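Participant: here's my sequence, what's the structure:
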Amino acid sequence: MGLTDSPFPPIADYAFLSDCHTGALVAPDGSVDWLCTPSFDSPSVFGNLLDRGAGSFRFGPFGITTPTARYYVPGTNVLSTTWHTPSGWVVVHDALTMGPRTSADTVTPHTRPPADDDADHMLVRLVECVDGAVEVELVCEPAFEYGSEPAEWTLQGEHGGVADAAGPVHTLRLGTSLLLGVEGSAVRGRHVLSSGERAWCALSWAEGLALPDGLDDAAARIERTVQFWRGWLGRARIPDHPLRHPIERSALTIKGLTYMPTGATVAALTTSLPETTGGERNWDYRYTWMRDSTFTLQALHSLNLDWEADEFMQFVADLEPNEDGGLQIMYGIDGRRDLTERTLDDLTGYEGARPVRIGNGAFDQRQNDVYGAVLDSILLHTSRSKHLPRRLWPLVQHQAARALAVWREPDQGIWEARGEPQHYVSSKLMCWVALDRAARLAEIRDDEQLQEEWGRAADEVRADILAHGVSEAGVLRQHYGTDSLDASTLLAALFGFLPGDDPVMRATVDAIESELTEHGFVLRYRTEETDDGLSGKEGTFLICSFWLVSALAHVGEVRRARNLMDRLVRIQSPLGLYAEEYDTERARHLGNFPQAFSHLALIQAAGRLVLQERLAELSL
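Facilitator: Residues are numbered from 1 along each chain as shown. Below is the predicted model of the structure:
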């Protein structure tokens with residue numbers, strides 16, 4: 001099937017909505033093709049993203065599927081879509097709405113936001129005819145449990161403006177100003193709007209299935225959601241710089257991928273969007289990875305979002321460790337440990353990419369980088385708050401002990417390879433991070449014995465990496481048994497393992513830029529040179545390209561860093577979002593979407609670039 005024949009919109013053409021409990025993806029034609037209720041990792045009720053018969057919800061002009069313009073209301077995750085039809089113009093506003101705040105909940109840069117449950121637990125959609133007369137349609141066809149259970153609709157009331165869709169676990173309620181009718185598993189409505197007229201609909205999974213009380217209430221809920229997002233973004237410290245808009249959109253995306261009840265951040269909204277077109281590299285990313293923790297803390301603190309950082313750190317502190325005291329590499333957003341993977345064989349997958357997976361089999365892998373991620377996060381948070389909570393000290397001790405115990409052993413690596421364990425350089429490097437940060441935390445605690453012990457161990461790990469992890473060309477290897485390159489060795493720059501003027505650091509950055517790129521964008525590794533247990537090629541990894549921006553800035557190549565950053569900004573989605581990968585041959589985003597890691601790396605790279613550019617200006 002050719003690109004133009006695919007029934008699936010390009011991944012990057014979807015809009016992302018969030019209420020910090022769950023998220024939705026809206027296709028350009030106005031169809032909600034992905035929504036899981038009540039939370040990010042619940043089964044989908046709209047799953048057209050993975051199978052064109054797995055549920056969708058369209059609200060827009062009848063017979064017109066290509067909008068004139070789509071944009072976020074500035075400073076928000078509220079979508080506006082403008083449509084031009086032969087008979088007139090309409091604008092549709094879409095939001096996963098946030099609840100009302102009291103005057104006591106007013107957020108300022110120096111007050112904690114409500115620890116709350118601010119979500120309304122409903123999707124509200126409002127259409128306004130701004131010129132002429134336009135027939136609008138509503139077609140809502142949920143399919144519960146990832147498309148396996150069609151909805152059974154029941155109309156409520158005499159006027160047919162409310163309908164309930166019964167599922168195997170819970171019920172949805174649809175309310176609208178349109179007259180509804182049931183056709184099989186779908187509920188439908190149409191109405192002609194004249195200039196100045198508005199219509200609304202809302203889908204609720206809230207307790208009691210609450211709905212807006214008419215048009216004015218629906219509009220007010222969207223307006224409160226606009227104010228919520230703008231109020232939140234107003235607390236962030238965004239540099240006055242040409243990269244301001246990408247940083248703001250990334251910040252809003254990271255917040256939108258945060259599960260408000262616990263402070264956990266999902267790696268992405270979706271499951272099983274392919275890393276290889278039509279291939280098997282399809283994973284469920286609706287969980288929290290520990291390796292993301294340090295990048296999350298770096299991004300939140302750099303933007304002055306200290307309360308969010310605190311909430312995330314509390315989530316990490318409350319996680320149940322393994323029997324050995326170490327943390328798993330990932331957890332559910334509610335802290336659960338068991339993320340057993342299974343396949344949904346009835347779904348065709350996005351553009352035929354199968355299998356479709358839920359759960360993630362990597363949750364019990366050995367990945368030795370996890371200890372460094374956790375301890376770097378704790379040090380970042382401690383340095384910012386000037387306080388190491390007593391309850392975090394046992395976590396520090398356990399993670400340091402595990403890093404000390406395993407750093408000499410092979411593992412699956414940062415990329416969760418499903419091949420044989422190897423002595424990955426990035427894993428050793430993150431064990432160095434673990435012990436180096438543990439020694440610094442021991443210093444804060446005035447524990448000289450542990451400071452010396454952990455510092456000495458960090459020096460030993462460092463010496464081992466430099467003795468066995470550097471090729472004859474003076475470049476950091478992927479693992480001790482190969483001279484192949486791996487973008488994860490750029491972490492040597494991001495975590496200060498090597499200074500910017502170190503020959504090995506510079507040689508590694510130059511080698512990755514020249515030998516591990518496609519059209520200037522960075523691959524994780526060469527799949528033909530790496531035993532990752534999978535077949536097929538994959539796209540360039542956006543986080544790795546942003547890491548290269550940071551690394552180039554680290555070694556003083558600010559112009560090269562800015563050129564790459566400009567290229568990365570140019571390939572963002574029409575709404576400023578990033579997936580996990582980018583296919584340079586087809587100029588398409590690949591993988592789960594939107595991807596937190598990509599946006600976190602953008603914030604980090606932008607911060608380093610802005611700093612280096614300003615330092616350069618001061619030196620003139």
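
Participant: can you show me the helices along this structure?
Facilitator: 144-147, 215-234, 244-256, 291-302, 306-317, 370-385, 393-406, 425-444, 448-468, 491-494, 503-515, 542-554, 558-570, 596-619 (DSSP state H).

Participant: so can I have a markdown table of these showing distance to residue 65?
Facilitator: (Glycine included, C-beta is placed from N, CA and C.) A markdown table is the format used below for the helices of the chain (distance: least, C-beta to C-beta, whole Å):
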| stretch | distance to residue 65 |
| --- | --- |
| helix 144-147 | 22 |
| helix 215-234 | 23 |
| helix 244-256 | 26 |
| helix 291-302 | 36 |
| helix 306-317 | 38 |
| helix 370-385 | 44 |
| helix 393-406 | 52 |
| helix 425-444 | 45 |
| helix 448-468 | 54 |
| helix 491-494 | 43 |
| helix 503-515 | 42 |
| helix 542-554 | 29 |
| helix 558-570 | 27 |
| helix 596-619 | 28 |
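
Participant: any idea how many residues pack against residue 157?
Facilitator: Residue 157 has 9 neighbours, counted by other C-beta atoms under 10 Å.

Participant: again, but for residue 208
Facilitator: 7.

Participant: rewinding a little: the helices of the chain: which one's closest to residue 87?
Facilitator: helix 215-234 (22.1 Å; C-beta to C-beta).

Participant: circling back: quick one: the helices of the chain as JSON lines, columns for mean neighbour count too.
Facilitator: Shown next, in JSON lines, are the helices of the chain (neighbours: other C-beta atoms under 10 Å):
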{"stretch": "helix 144-147", "mean neighbour count": "22"}
{"stretch": "helix 215-234", "mean neighbour count": "19"}
{"stretch": "helix 244-256", "mean neighbour count": "22"}
{"stretch": "helix 291-302", "mean neighbour count": "24"}
{"stretch": "helix 306-317", "mean neighbour count": "20"}
{"stretch": "helix 370-385", "mean neighbour count": "24"}
{"stretch": "helix 393-406", "mean neighbour count": "20"}
{"stretch": "helix 425-444", "mean neighbour count": "26"}
{"stretch": "helix 448-468", "mean neighbour count": "16"}
{"stretch": "helix 491-494", "mean neighbour count": "24"}
{"stretch": "helix 503-515", "mean neighbour count": "18"}
{"stretch": "helix 542-554", "mean neighbour count": "26"}
{"stretch": "helix 558-570", "mean neighbour count": "17"}
{"stretch": "helix 596-619", "mean neighbour count": "20"}
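
Participant: let me have those in JSON lines, adding mean pLDDT and distance to residue 181 as columns.
Facilitator: JSON lines is the format used below for those (pLDDT from 0 to 100; distance: least, C-beta to C-beta, whole Å):
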{"stretch": "helix 144-147", "mean pLDDT": "96", "distance to residue 181": "21"}
{"stretch": "helix 215-234", "mean pLDDT": "96", "distance to residue 181": "21"}
{"stretch": "helix 244-256", "mean pLDDT": "97", "distance to residue 181": "34"}
{"stretch": "helix 291-302", "mean pLDDT": "85", "distance to residue 181": "46"}
{"stretch": "helix 306-317", "mean pLDDT": "84", "distance to residue 181": "45"}
{"stretch": "helix 370-385", "mean pLDDT": "88", "distance to residue 181": "53"}
{"stretch": "helix 393-406", "mean pLDDT": "95", "distance to residue 181": "57"}
{"stretch": "helix 425-444", "mean pLDDT": "96", "distance to residue 181": "57"}
{"stretch": "helix 448-468", "mean pLDDT": "98", "distance to residue 181": "67"}
{"stretch": "helix 491-494", "mean pLDDT": "97", "distance to residue 181": "57"}
{"stretch": "helix 503-515", "mean pLDDT": "98", "distance to residue 181": "59"}
{"stretch": "helix 542-554", "mean pLDDT": "97", "distance to residue 181": "44"}
{"stretch": "helix 558-570", "mean pLDDT": "97", "distance to residue 181": "46"}
{"stretch": "helix 596-619", "mean pLDDT": "89", "distance to residue 181": "41"}
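
Participant: out of those, nearest to residue 187?
Facilitator: helix 144-147 (14.5 Å).

Participant: how about residue 18, nearest residue that isn't a chain neighbour?
Facilitator: What sits nearest to residue 18 in space, not counting adjacent residues and going by C-beta to C-beta, 6 or more residues apart in numbering, is residue 256, at 3.3 Å.

Participant: could you measure from that neighbour over to residue 134?
Facilitator: Distance from residue 256 to residue 134, counting by C-beta to C-beta, to the nearest Å: 30 Å.
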